[in-house]
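**Q** Sequence and predicted model, in that order:
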Amino acid sequence: MKVDLKIEMRKVADLLPYARNARTHSEEQIKQIASSIKEFGFNNPVAIDKDNMILCGHGRVLGAQKLGLEEVPCVCLSHLSETQKKAYILADNKIALNSDWDNDLLKLEFEDLKLDDFDLSLTGFDDKEIDKLSVDPFNDDSDEIDYSEKVNIVIECSNEEEQEKLYNEFTERGLKCHLQNL
């Protein structure tokens, strides 16, 4: 299906939140979104229907309100049926959560940003998450725990694909692993 999408500026006051939006936004996240918009610009348009109801971008609209913006870029998804709108609202939020991070590349990106003296809080990661990237739990030099003993750990996986992914990740780190079905 080919759809011609056009970005248009719409008044924030005219945009209507979807009453059954299951995605929530904390005050802290709204502050993060507002800071991101201020630093990088409003680069991701709000998805609306023909009646100005917000399908995707509730958090961005709240961030825009916090900044006092009167207009935001929007894209009208008039081609979706009522059922498709409901499903898309869920899919847009959930599918993004289904991805993972390449921690090695993420660590490199943060190292570069630190060298450029960039405000890392604008990335949405908190200090603990960033600091955790610098720690290798398998090569911790801490005196608190003695890793010289041989220990076992059991990790329950929900399916074979997840099991294979973890097995490969751990063996690539040099850990001796055995697969076991319980």
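**A** All right, it came through fine. Numbering: from 1, shown residues only.
**Q** which residues are in contact with stretch 103-114?
**A** The contact list for stretch 103-114 (C-beta atoms under 8 Å, 6 or more residues apart in numbering) reads L120, T123, F125, I130, L133, S134. Using the backbone N, CA and C atoms, a C-beta is placed for each residue, glycine as well.
**Q** just the buried members of the residues you listed?
**A** T123, F125, I130, L133 (16 or more other C-beta atoms under 10 Å).
**Q** Let me see the contact set for the third one.
**A** Spelled out, that is I130. F110, L120.
**Q** And for the last one?
**A** The contact partners of L133, by C-beta under 8 Å, 6+ apart, come to N103, L106, K107, F110.
**Q** how far does whichever helix in the chain runs longest sit from the chain's center?
**A** Assignment by DSSP state H gives helix 82-97 as the longest helix of the chain. Mean-position distance between helix 82-97 and its chain equals 15 Å (C-alpha atoms, centre = their mean, to the nearest Å).
**Q** got the buried residues for that helix?
**A** Residues of helix 82-97 classed as buried: K85, Y88, I89 (neighbour count, 16+ other C-beta under 10 Å).
**Q** Which of these sits closest to E161?
**A** When those are compared for distance to E161 (C-beta to C-beta), Y88 wins out at 26.2 Å.
**Q** Domains of this structure: list them as residue ranges, please.
**A** 7-97, 100-135, 147-182 (automatic domain parsing).
**Q** quick revisit: would you turn the contacts of L133 into a markdown table with distance to T24?
**A** Shown next, in a markdown table, are the contacts of L133 (distance: C-beta to C-beta, whole Å):
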| residue | distance to T24 |
| --- | --- |
| N103 | 27 |
| L106 | 25 |
| K107 | 30 |
| F110 | 27 |
